[in-house]
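Colleague: The sequence isn't on hand, but the structure is:
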């Protein structure tokens, strides 16, 4: 064998020489701690210790390449460090990603050297649930042996995981599932959903407006007495069966309780039907395209208001409430669907939301009924509110229906009232 | 500092989906793992509580990193730029990975193993990875003590390229570390055919040093031709290191000492040599020399272990602080799920922390992975210290089978064989019951 060949062989072989204890140092680690805030449910305070050696390798911290990283160099690179690290971390609460907001920079010493400390807040949507998911991708393309040591602290509870490029996701129990807290937060959600849902409110009000009035046949002009009209009136069936239109007018109800009973019937029917479809939809048994649902809701508002102007149904308004309640329930469900609820929180959230919707609804009713009862005899109530108000509602609902069904924007319409 | 964390991460913990023990667990095992993970996390968190601070001023030096004045750093910066410009060229990737491994090996900074791994990973994803890529991959696996995976990859390489000397050498090394003499012997023969008589002889000699033929091995190593001054210095330092180990095994400390010194002159600061020589000095009752040897390298865990052990042997007042530091280092390794220092940790548990039961437990774990003379030794020491000679049976069988002959091990075997039979230790080690 020639000397040259031997040397080439030896150069190549020098690679495999020291077989043992090549690991004289710990490999790359970073330490991520998330702490819940006892006073603010939406925020977790984060501390992320990343080795300066790793950051230097990844983005270059030693600006003057003298082999010594100074605090000044770390400070100069603060933004770059935060951008690099925080873009490789996701914190999710029940499927919703929390926003990362850097809040400070420090330094920490670990057993293998100095670490840059990124202080940050993970600002999460609405409710921080019992489970938090961490997606960790620091160094994933630079060092497959990098590990992120994750610790979650909530009060005196601690959960942890070790993540790395081949295993980047962990779901951690943040605290005892606070089902009552979740329930309450969803009750609030439900209340707000109905209070801010103009279409739901207008539907309900349209149905309730005539409740403090009684529809009476006015004395006929001429001899147009028809048995059919009486039948229609008493049965609540289509008035159109009458061959000649009798004249009707509104009269204030003389006693409070029958009016109240009417309201209770309407509200209960509405609650019953929308609860059914809300549950079915959230549990995944029913799914309708949202365009259909939203158009249906607009239609329901239109029909309810129309009924006040050209009454088709009077004594059994609760039937309208019941029938269209199904479609409103599907609308409520779409508000919950965006939250990607964990299976365990399903019962609490669904129940809470339904209860919230009921409370929101009852509150509207409680505010409406005494006021309506007091005003029922006035011209303002009978003409301005009931008649003109209903026309206005019909106009709005028609606008919604057109917009939603044909997926178009009517210029200027959305500016008047958001759908 | 609390007690050293000895427990292995539970599978739950490693997968990363552990959590608070508030689940409707279906079985006891799950609940146990969750509880264990909880306990682990809690104790780990307690130990890892350092306090972040703001340095006094901008000129405070926080961390030393490889400077560009180091030619090796300039070289791998050059190779890195090369690779970035040709990201699909696997030969560039391999060159960069080798530079990283080389740097990591000489400085002991194992972060460079991971960096090398990342560079060649795209090559490994090809349906049939190029042989150099596979070889680098196997080398990194071996360095991280993933011997089984490394072995399989080397077999793949050799199936495609039976004359690959590098693969045979690495395979021989794994065979020797794992006490698989048949594998090591076979690989040494192939290595001789594939490369040179020189490599074949050194390979065979180092195997014979482990199988009861240390004097013959020493003679063989002394006789091999000097590969010449142009040969890589690492090769010559390697042979010197092997001769040092062999001389020590034969009970010739002066010769061993001289070989260690020569090796270190050739590769000053070599992390592996420092630890090996340091352990030798401790064996020789020269803790002062051991401290002087590693004093410039205590950021390395293996050197720091020598340092702490020497301090402990001397009874220095600083020992307490450094023992705490060493515990913290083991703990942060355990925290990330690494268990590559089980032998070193076992020896530390036994001689520094005086916890023979934990030492034996670690030695038994270690024995499943590697079986070099040092692994044999710590296992036997731990078995003796726990008065449990029966625990040593698998190791005694191994020594009988391989004919390992080592002056640091022979007395231990003698003691264990003198010890009362298997059932006896329980009776003899028990204190006598209270008399009437």
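Modeller: Received the coordinates, thanks. Everything quoted here is computed from the prediction, not taken from an experiment.

Colleague: so what's residue B:191 up against?
Modeller: Applying CB atoms under 8 Å, 6 or more residues apart in numbering or on different chains, one finds that residue B:191 lies in contact with B:165, B:168-169, B:172, B:199-200, B:203. C-betas here are computed from N, CA, C, even on glycine.

Colleague: Can you give me the pLDDT of residue A:4?
Modeller: If you check residue A:4, the pLDDT there is 54.

Colleague: re the thing from before, ok, which of the contacts of residue B:191 also contact chain A?
Modeller: With CB under 8 Å from any CB of the partner chain as the criterion, the subset of the contacts of residue B:191 in contact with chain A comprises B:165, B:169, B:199.

Colleague: Could you export the contacts of residue B:191 as a markdown table, including neighbour count, secondary structure and distance to residue A:168?
Modeller: Conversion of the contacts of residue B:191 to a markdown table gives the following (neighbours: other CB atoms under 10 Å in any protein chain shown; DSSP: H, G, I helix; E, B strand; the rest coil; distance: CB to CB, whole Å):
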| residue | neighbour count | secondary structure | distance to residue A:168 |
| --- | --- | --- | --- |
| B:165 | 22 | helix | 38 |
| B:168 | 29 | helix | 37 |
| B:169 | 27 | helix | 36 |
| B:172 | 30 | helix | 37 |
| B:199 | 24 | helix | 42 |
| B:200 | 22 | helix | 46 |
| B:203 | 26 | helix | 41 |
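
Colleague: Quick check: which of the residues you listed has the minimum pLDDT.
Modeller: Taking pLDDT as the measure, the contacts of residue B:191 have their low point at residue B:199 (86).

Colleague: now the residue nearest to it when sequence neighbours are not counted, what's its secondary structure?
Modeller: Using CB to CB, 6 or more residues apart in numbering or on different chains and skipping the chain neighbours, the partner closest in space to residue B:199 is residue B:191 (5.5 Å). Reducing the assignment at residue B:191 to three states with DSSP: H, G, I helix; E, B strand; the rest coil gives helix.

Colleague: Can you give me the neighbour number for residue B:234?
Modeller: Applying other CB atoms under 10 Å in any protein chain shown, we find 21 residues neighbouring residue B:234.

Colleague: quick one: it is in a helix?
Modeller: Yes: counting by three-state DSSP, residue B:234 is part of a helix.

Colleague: Report the contact partners of the closest residue to residue B:160 other than its chain neighbours.
Modeller: Distances taken as CB to CB, 6+ apart put residue B:131 closest to residue B:160, at 6.1 Å, once the chain neighbours are dropped. With contact taken as CB under 8 Å, 6+ apart, residue B:131 is in contact with B:157, B:160-161, B:164.

Colleague: do residue A:197 as well
Modeller: If you count contacts by CB under 8 Å, 6+ apart, residue A:197 has them with residue A:331.

Colleague: Domain-wise, how is the chain divided?
Modeller: In the absence of a named chain, this looks at chain A. Described in terms of automatic domain parsing, the domain architecture of chain A consists of the residue ranges A:26-176, A:180-219+A:228-416.

Colleague: I was after chain B.
Modeller: Described in terms of automatic domain parsing, the domain architecture of chain B consists of the residue ranges B:196-268, B:270-331, B:339-421.

Colleague: circling back: separation between the residue nearest to residue B:160 and residue B:124?
Modeller: For residue B:131, the distance to residue B:124 under the criterion CB to CB, to the nearest Å works out to 12 Å.

Colleague: How are the strands of the stretch 51-200 of chain B distributed by residue range?
Modeller: B:61-64 (DSSP state E, counting those that start in this stretch).

Colleague: Using TSV, please lay out the domains of chain B together with distance to residue A:312.
Modeller: As requested, the domains of chain B are arranged in TSV below (distance: least, CB to CB, whole Å):
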stretch	distance to residue A:312
domain B:196-268	97
domain B:270-331	78
domain B:339-421	79
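
Colleague: what mean pLDDT does the longest helix along chain A have?
Modeller: Counting by DSSP state H, the longest helix found in chain A is helix A:346-375. Mean pLDDT, helix A:346-375: 86.

Colleague: One more: stretch A:186-198?
Modeller: 83.

Colleague: Same question for that stretch: list its buried residues.
Modeller: A:186-191, A:193-195, A:197 (16 or more other CB atoms under 10 Å in any protein chain shown).

Colleague: in chain B, which ranges drop under the pLDDT threshold?
Modeller: With pLDDT under 70 as the threshold, chain B has low-confidence stretches at B:1-49, B:225, B:420-436.

Colleague: how about residue 112, what does it touch?
Modeller: Using chain A. Contact analysis of residue A:112 by CB under 8 Å, 6+ apart lists A:25-26, A:29, A:51, B:299, B:329, B:332.

Colleague: that's the other chain; I wanted chain B
Modeller: With contact set as CB under 8 Å, 6+ apart, residue B:112 has these partners: B:100-101, B:103-104.

Colleague: let's see 10 Å
Modeller: A:22, A:25, A:27, A:57, A:143, B:66, B:76, B:97, B:99-106, B:140 (CB atoms under 10 Å, 6 or more residues apart in numbering or on different chains).

Colleague: now it, nearest residue through space, not along the chain?
Modeller: residue B:104 (2.9 Å).

Colleague: shouldn't the one you found be in contact with residue A:28?
Modeller: No: if you go by CB atoms under 10 Å, residue B:104 and residue A:28 don't touch, sitting 11.7 Å apart.

Colleague: Out of the contacts of residue A:112, grab the one that's most surrounded.
Modeller: Each of the contacts of residue A:112 was scored by neighbours using other CB under 10 Å; the highest score is residue A:29's, at 27 neighbours.

Colleague: Bridged to that one, which residues?
Modeller: Note on residue A:29: beta-bridge partners residue A:147, judged by DSSP bridges.

Colleague: Endpoint to endpoint, stretch B:227-238 covers what distance?
Modeller: With CA to CA, to the nearest Å as the measure, the first residue of stretch B:227-238 is 12 Å from its last.

Colleague: Residue B:123 versus the residue nearest to residue B:160, what's the distance?
Modeller: With the distance defined as CB to CB, residue B:131 ends up 10 Å from residue B:123.

Colleague: can you tell me the residue of the stretch 51-200 of chain B closest to chain A?
Modeller: Proximity to chain A, evaluated over the stretch 51-200 of chain B using CB to the nearest CB, is greatest for residue B:67 at 2.6 Å.

Colleague: Just give me the neighbour total for that residue.
Modeller: The local packing count at residue B:67 equals 14, with neighbours defined by other CB under 10 Å.

Colleague: again with residue B:155
Modeller: With neighbours defined by other CB under 10 Å, the count for residue B:155 comes to 12.

Colleague: Please name the residues that touch residue 140.
Modeller: No chain was given, so I picked chain A. Contact criterion CB under 10 Å, 6+ apart gives A:88, A:146, A:164-166, A:168, B:118 as the residues in contact with residue A:140.

Colleague: try again with chain B
Modeller: Taking CB under 10 Å, 6+ apart, one finds A:22, A:144-145, B:97, B:100-101, B:104, B:110, B:112-114, B:116-117, B:120, B:146, B:149-150, B:153 in contact with residue B:140.

Colleague: what about 6 Å?
Modeller: The contact partners of residue B:140, taken as CB atoms under 6 Å, 6 or more residues apart in numbering or on different chains, are B:113, B:117.

Colleague: again, but for residue A:379
Modeller: For residue A:379, the set of contacting residues under the criterion of CB under 6 Å, 6+ apart is empty.

Colleague: hmm, back to that, export the buried residues of stretch A:186-198 as a markdown table, with columns for distance to residue A:382 and secondary structure.
Modeller: A markdown table is the format used below for those (distance: CB to CB, whole Å; DSSP: H, G, I helix; E, B strand; the rest coil):
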| residue | distance to residue A:382 | secondary structure |
| --- | --- | --- |
| A:186 | 40 | helix |
| A:187 | 36 | helix |
| A:188 | 37 | helix |
| A:189 | 37 | helix |
| A:190 | 33 | helix |
| A:191 | 31 | helix |
| A:193 | 32 | helix |
| A:194 | 27 | helix |
| A:195 | 27 | helix |
| A:197 | 27 | coil |
